[in-house]
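> dropping a prediction and its sequence here:
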Amino acid sequence: MSASITPETLALVPVPAALEVTGGTGFAVTSATTVSGPTDATTAALSAIATRTGVTPVVADGDAALTLAITPGGAPESYRLEAASDSIRIVAADAAGLFYGVQTLAQLLTRTGDGWHVPAVIIDDAPRFAYRGVMLDVARHFHPVATVKAYIDRAASLKFNALHLHLTDDQGWRIELHSRPELTARASGTSVGGDPGGFYTKADYREIVEYAASRHMIVVPEIDMPGHTHAVGLAYPELIEEPVLSDHIHEVVKTYGGELPRNGTPYDGMAVGFSSLKIHSEATYDFVADVFGELAGETPGPYLHLGGDEALGTDPADFAAFVSRASAIIADLGKTPVAWHEAGAAAGLHDETIGQYWGFVTPTDGMDDKARAFVRAGAQLILSPADAIYLDMKPDADSPLGLVWANGPTSVERSYAWEPSDVIGGITDADILGIEAPLWTETVATARDIDQLAFPRIASAAEAGWSPATGAHPERTWESFRARVAGLGPLWARMGVQFDASSEIDWVTE
């Protein structure tokens, strides 16, 4: 390996904050390479190296060629990686930073001749935003624990640190609660298009939470309300209003098929905005308290997501009253409420509520005003602009998977060409908790479907969340990004990712 290596030739995504190519032969990784450090970090390093190379190094008690260490005092999740011809050292501020340094090491590993090498580099790195999330909708189509864990692995390798699970919607309820057993008994059996449903038992949910934690990810469970609640009515019909069947609902049914929603009958179509909880019934708030109270006890992360989007079947004043009470219930549980940006219109919303913006990169219909309301109250925003990082949008017009409502197909280049601080006027990095790339699953029934839509565009979201702002780093350009992503193809293949080999990328092969 030589100093002719440049940042653009290294398959590093997200791009590190600072990278120096120091030259020299680089470090050769073999089965005789020794590794030392904290147990969790060592285990992660052995797994990452073995996955990438097929080589499993040796754990050492003392001095080792690959040293992993924690030195407190730096920025959260930060790390420094130094690779020379005779050693590699990764030092981090905390366990998460050490884990992310290992993920960078896995990306640096390159086959040279008959062996594997890490180029001679010095990397100093830390995330731009504290929250870097992916969302998986398991309500429109249910996805088993193994699939969720595989998605955690994929996301963690790109330095995401939050998994938002969309657990409930009109099509199904996916989480077991002892306080409300009829939800899974009566409302979990269907998915979009009449496909099978399913739900996570308490043991399943605990397994997901613990697995995510082992990859330094929190789980953010979402119970969507007061809309998107048709499935609740299958279990507790006294809590649900009659569907509001607008012209829009009829048009969606005409376009995508299925039947019009009818209370008491499972819904497997794709229309949204017709259902609502009964806002003026105290039984509704007993339900909210039961659901979030039980979920809070099983979710060690700080956030509970109450939804609040597309409540088109709820009177605006009633919507405001509901999200105000629901957010207060969550806050009283010691958790931070999260809601989609529509809830920003509610004057009584709990002032700690984090807003999640799902509008376009160029806001429309006053969505930016609703998002700014969270910041005016003293909270922050999670940015999920639909026409940039909604991973369920078609990557091109010919894709058999995905939808196109977010300004048509979203190419890889478009998924990269946005800057978080530019989306909502008056909002700066200090107002942004982070970014999140949602994957809704109306057309997504299998693990392969997830891979096909998420990759490679998930890498764009990873870079937006971790790396310095566009214009503040020489490699934060489309041309650099597409070259770096191209080099990740072999690593993704070894990880089992069935990614879309987009024609926008000149993929590297081994």
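Cool, got the structure.
> can you give me the helices for the stretch 301-450 of the chain?
Using DSSP state H, counting those that start in this stretch, the helices assigned to the stretch 301-450 of the chain run over residues 316-332, 367-376, 386-389, 412-416, 447-454.
> tabulate the ones you listed (a markdown table), appending mean neighbour count, mean pLDDT and distance to residue 228.
(Each C-beta comes from the backbone N, C-alpha and C, glycine too.) Converted to a markdown table, these look like this (neighbours: other C-beta atoms under 10 Å; pLDDT from 0 to 100; distance: least, C-beta to C-beta, whole Å):
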| stretch | mean neighbour count | mean pLDDT | distance to residue 228 |
| --- | --- | --- | --- |
| helix 316-332 | 20 | 98 | 13 |
| helix 367-376 | 20 | 98 | 18 |
| helix 386-389 | 24 | 98 | 16 |
| helix 412-416 | 22 | 98 | 26 |
| helix 447-454 | 21 | 98 | 21 |
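> can you add distance to residue 114 and give these back as a markdown table?
Compiled in a markdown table, those are given as follows (distance: least, C-beta to C-beta, whole Å):
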| stretch | distance to residue 114 |
| --- | --- |
| helix 316-332 | 57 |
| helix 367-376 | 54 |
| helix 386-389 | 40 |
| helix 412-416 | 33 |
| helix 447-454 | 30 |
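> which one of those helices lies closest to residue 223?
Closest of those to residue 223 is helix 316-332, at 9.3 Å (criterion: C-beta to C-beta).
> the nearest residue to residue 35 once chain neighbours are set aside: what's it in contact with?
Nearest non-adjacent residue to residue 35, counting by C-beta to C-beta, 6 or more residues apart in numbering: residue 66, 4.5 Å away. Contacts for residue 66 (C-beta atoms under 8 Å, 6 or more residues apart in numbering) come out as 33-36, 45, 57, 87-90.
> if you set the cut-off to 10 Å instead, what comes out?
Contacts here follow C-beta atoms under 10 Å, 6 or more residues apart in numbering; on that basis residue 66 touches 27, 29, 33-37, 42, 45-46, 49, 57-58, 60, 83, 87-90, 102, 105, 118.
> neighbour count says what about the residues you listed? Which are buried?
Buried by 16 or more other C-beta atoms under 10 Å: 27, 29, 33, 35-37, 42, 45-46, 49, 57, 60, 83, 88-90, 102, 105, 118, out of the contacts of residue 66.
> which of the residues you listed fall in strands?
Using DSSP state E, the subset of the buried ones among the contacts of residue 66 located in strands is 27, 29, 35-36, 83, 88-90, 118.
> going by distance to residue 322, which of those wins?
residue 90 (48.0 Å).
> now do the closest one, the pLDDT please.
Listed pLDDT for residue 90 reads 98.
> beta-bridge partners for it, please?
Judged by DSSP bridges, the bridge partners of residue 90 are residue 68, residue 81.
> what's the separation between it and residue 279?
53 Å (C-beta to C-beta, to the nearest Å).
> also residue 105?
Distance, residue 105 to residue 279, using C-beta to C-beta: 52 Å.
> again, but for residue 438
26 Å.
> check residue 494 too.
Separation of residue 494 from residue 279 (C-beta to C-beta): 51 Å.
> check contacts around residue 474.
Residues in contact with residue 474 (C-beta under 10 Å, 6+ apart) are 7-8, 15, 19, 468, 480.
> skipping its backbone neighbours, what lies nearest the residue nearest the centre of the chain in space?
Nearest residue to the geometric centre of the chain (C-alpha atoms, centre = their mean): residue 134, 0.5 Å. Once flanking residues are discounted, residue 134 sits nearest to residue 155: 4.7 Å by C-beta to C-beta, 6+ apart.
> burial check on the one you found, number of neighbours?
25 (other C-beta atoms under 10 Å).
> OK, contacts around it?
With contact set as C-beta under 10 Å, 6+ apart, residue 155 has these partners: 132-134, 136, 161-163, 212, 215, 217, 437, 454, 458, 461-462.
> does it count as helix, strand or coil?
Put simply, residue 155 is helix when judged by DSSP: H, G, I helix; E, B strand; the rest coil.
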